[in-house]
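K.L.:
attaching a predicted model along with its sequence, questions to come.
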Amino acid sequence: AQKITQTQPGMFVQEKEAVTLDCTYDTSDPSYGLFWYKQPSSGEMIFLIYQGSYDQQNATEGRYSLNFQKARKSANLVISASQLGDSAMYFCAMRGVNNNNDMRFGAGTRLTVKP
Amino acid sequence: DTGVSQNPRHKITKRGQNVTFRCDPISEHNRLYWYRQTLGQGPEFLTYFQNEAQLEKSRLLSDRFSAERPKGSFSTLEIQRTEQGDSAMYLCASSRLAGADTQYFGPGTRLTVL
């Protein structure tokens, strides 16, 4: 079974500072993908970043980076230089190679960027 | 590419009525997924298609729910005899069967059952 855990229901960060959103996972799949999505109040899920379980380097996409620690089964999202528009729900998700249809999501973290 | 689109964006219905939602995926994406999201939760997988074939259905998809993708392009999700517990956001996503197979989501249809 696959499980995603996001332990921070809400986080606050000052504009222009960096913030880390936590995500831990559990899976028996030998190969899997980890994803982060942003969901603003409008409701649309916006893809941010992807990390493959066999990728040697941590993924980066602009101001987003993924701190992937495979042994600890964690895939934390780091947002650098926070902007007011970053205020949203953030979801961590995982899909195993043997379950490529079933992507499991965490409960999400609500990030609020303060001016 | 234009993004995934969903219609309607909002639907209010009375208990017992049938509703149908439509999803248009990103063109040339051969996989299409339906999810349901309730308040304060992450999306939950309902079903997915590869081209026109419905390959998996979650146990969440009761017999009142049916999904189709007749020509492998757009998809519809129908809920018959709606119940108040069906009130949720229904999200559609599509992906291309390659690489990370990243799913791209539409804006969702928010269903309210009175």
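P.N.:
Ah, there it is. Numbers count the residues shown, from 1 in each chain, chains lettered A, B, ... in the order given.
K.L.:
hang on, isn't B:Thr38 packed against B:Ala88?
P.N.:
Yes. Between B:Thr38 and B:Ala88 there is a contact under Cβ atoms under 8 Å: 4.8 Å. Just so you know, the C-beta spots here come from the backbone N, C-alpha and C atoms, and that holds for glycine as well.
K.L.:
so between these two, which is more surrounded?
P.N.:
B:Ala88 (20 against 12; other Cβ atoms under 10 Å in any protein chain shown).
K.L.:
okay, now B:Lys11: neighbour count?
P.N.:
18.
K.L.:
can I get stretch A:71-79 in PDB, CA atoms only?
P.N.:
Written as PDB, here are the backbone C-alpha positions of stretch A:71-79 (Å, rounded to 0.1, in the frame of the first residue of the first chain):
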ATOM      1  CA  ALA A  71      16.500   6.400   3.000                       C
ATOM      2  CA  ARG A  72      14.200   8.500   5.100                       C
ATOM      3  CA  LYS A  73      11.400   8.300   2.600                       C
ATOM      4  CA  SER A  74      11.000  12.000   2.600                       C
ATOM      5  CA  ALA A  75      10.400  14.400  -0.300                       C
ATOM      6  CA  ASN A  76      10.200  17.900   1.100                       C
ATOM      7  CA  LEU A  77       9.400  20.900  -1.100                       C
ATOM      8  CA  VAL A  78      11.600  24.000  -0.700                       C
ATOM      9  CA  ILE A  79      10.200  27.300  -2.000                       C
END
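K.L.:
check the gap between the closest residue to B:Arg96 other than its chain neighbours and A:Leu34 for me.
P.N.:
Nearest residue to B:Arg96 in three dimensions, chain neighbours excluded: B:His29, at 5.1 Å (Cβ to Cβ, 6 or more residues apart in numbering or on different chains). With distances taken as Cβ to Cβ, to the nearest Å, B:His29 is found 21 Å from A:Leu34.
K.L.:
can you check B:Pro8 too?
P.N.:
Distance from B:Pro8 to A:Leu34, by Cβ to Cβ: 33 Å.
K.L.:
looking only at neighbour counts, state which of these two leads.
P.N.:
Between B:Pro8 and A:Leu34, counted using other Cβ under 10 Å, A:Leu34 has the larger neighbour count: 27 against 13.
K.L.:
give me the beta-bridge partners of that one?
P.N.:
A:Gln51, A:Met94 (DSSP bridges).
K.L.:
contacting residues around it?
P.N.:
A:Cys23, A:Tyr25, A:Tyr50, A:Gln51, A:Gly52, A:Ser53, A:Leu66, A:Phe68, A:Ala75, A:Cys92, A:Ala93, A:Met94 (Cβ atoms under 8 Å, 6 or more residues apart in numbering or on different chains).
K.L.:
filter these down to the buried ones and express that as a PyMOL selection.
P.N.:
In PyMOL syntax, the buried subset of the contacts of A:Leu34 is picked out as below (16 or more other Cβ atoms under 10 Å in any protein chain shown):
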select buried, chain A and resi 23+25+50+51+53+66+68+75+92+93+94
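K.L.:
closest to chain B out of the contacts of A:Leu34?
P.N.:
A:Tyr50 (4.8 Å; Cβ to the nearest Cβ).
K.L.:
in space, what's closest to the closest one - neighbours in sequence excluded?
P.N.:
B:Ala100 (4.8 Å).
K.L.:
in chain A, which ranges drop under the pLDDT threshold?
P.N.:
A:98-101 (pLDDT under 70).
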